[in-house]
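**Student:** When you get a sec, could you give me coordinates for this:
(4 chains)
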Protein chains: 2
Amino acid sequence: MEKTLNIAKALADGNRMRVIVALTENDELCVCQITEMLGLATATVSRHMSVLQNARLVESRKESRWVFYRLVGTFPDRLRQWLRESLAEAPEIAADRRSLTTILSCEPDDLCRRQKKRKESHACT
Amino acid sequence: MEKTLNIAKALADGNRMRVIVALTENDELCVCQITEMLGLATATVSRHMSVLQNARLVESRKESRWVFYRLVGTFPDRLRQWLRESLAEAPEIAADRRSLTTILSCEPDDLCRRQKKRKESHACT
DNA sequence: TTTATAGTTCGCTAATTGACTAAACACAGT
DNA sequence: ACTGTGTTTAGTCAATTAGCGAACTATAAA
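**Tutor:** Next comes the predicted model:
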């Protein structure tokens, strides 16, 4: 029962749910892309991804400086179906989809550079 | 998205998950039966059922002094399937099933009387 | 009408959780 | 070796939550 409960707990956060849904539509995403989509601090995103990984919902691989996450191959099919059906009309998910289109149109390198620049400009304000 | 997230949050507690699964196997259960199964205070069970009701997972009816809860007719089928599949081998659920056999073999009246007697005997200890 | 009963709500406590910043880590780039 | 980059971990704070007992509510029973 612990495994199922961990999954339920992992999904009991709006941002983590958004990540899971985004990963049902995209093979994999890197932390900086998820960070950009959610609009949170990198540290927070990392924490969230850790929760999802511990719940065995996602797995990760490292390539160069970037860490990419994807859904595990054993992701429960019924759960995926429920999420997609129940969130089919959700405006927040549609917004994520649109913003991801832009995010995915550039390489992680460029994206991370943009995030850094944005962060510094905030620091100067 | 709020509706789906509320459901996820409602399920992110072991006891509430156990109640939902019990209700997939039993048409309806009254508070005192759920209380007996979970081994919690009535107040706590009532609070939990309120969460499930607010998440639109269960509905209630009152008969005499008893309140009965059942799954809503719109309970997401995929979600039910996922829960039943992933919890098919869970020892805790099996234990609940067994204890419910005993609980359901007597009327709410008798059960409530037993619970009251048990509570008083604790008070005397 | 009064008393009893079952469930709900309130308030408290302790634990957990989401967001952030800063520091640490892993390792690529120079 | 040193510097830069992206991510992870640790610590803090505020908000939320699960469990309980007490008080309250709804209403059945006497």
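**Student:** For burial, what's the neighbour tally of A:S64?
**Tutor:** Using other C-beta atoms under 10 Å in any protein chain shown, A:S64 is surrounded by 7 other residues. In this view, the C-beta of every residue, glycine as well, is placed from N, C-alpha and C.
**Student:** any idea of the pLDDT on it?
**Tutor:** Predicted confidence (pLDDT) for A:S64: 88.
**Student:** Where does pLDDT dip in chain A?
**Tutor:** A:106-125 (pLDDT under 70).
**Student:** And the residue nearest the centre of it?
**Tutor:** A:V19 (3.2 Å; C-alpha atoms, centre = their mean).
**Student:** isn't that one right up against A:I34?
**Tutor:** Yes. Using C-beta atoms under 8 Å, A:V19 is in contact with A:I34, at 5.8 Å.
**Student:** Overlap in contacts, these two.
**Tutor:** Counting by C-beta atoms under 8 Å, 6 or more residues apart in numbering or on different chains, the shared contacts of A:V19 and A:I34 are A:49, A:69.
**Student:** Share the number of residues neighbouring the closest residue to A:E36 other than its chain neighbours, please.
**Tutor:** Ranked by C-beta to C-beta, 6 or more residues apart in numbering or on different chains and with sequence neighbours excluded, the top spatial neighbour of A:E36 is A:I103, at 5.1 Å. As a burial measure, A:I103 scores 22 neighbours (other C-beta under 10 Å).
**Student:** mind listing the strands in chain A by residue range?
**Tutor:** Under the criterion DSSP state E, chain A contains strands at A:29-30, A:58-63, A:66-71.
**Student:** B:A12 is nearest to which of these?
**Tutor:** Checking the strands of chain A against B:A12 by C-beta to C-beta gives strand A:58-63 as the closest, at 17.6 Å.
**Student:** That closest one vs strand A:66-71, what angle?
**Tutor:** 150 degrees (axes from the mean of the first three to the mean of the last three C-alpha atoms, to 10 degrees).
**Student:** How far off centre is strand A:58-63?
**Tutor:** 12 Å (C-alpha atoms, centre = their mean, to the nearest Å).
**Student:** Sheet partners, orientation included, of it?
**Tutor:** Using DSSP bridges, strand A:58-63 pairs in its sheet with strand A:66-71 (antiparallel).
**Student:** and the partner strand, C-alpha only, in PDB?
**Tutor:** The C-alpha coordinates for strand A:66-71 follow below in PDB (Å, rounded to 0.1, in the frame of the first residue of the first chain):
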ATOM      1  CA  TRP A  66      21.800  18.900 -17.600                       C
ATOM      2  CA  VAL A  67      19.500  16.500 -15.800                       C
ATOM      3  CA  PHE A  68      16.600  15.100 -17.800                       C
ATOM      4  CA  TYR A  69      13.500  13.600 -16.300                       C
ATOM      5  CA  ARG A  70      11.000  11.300 -18.000                       C
ATOM      6  CA  LEU A  71       8.100   9.100 -16.800                       C
END
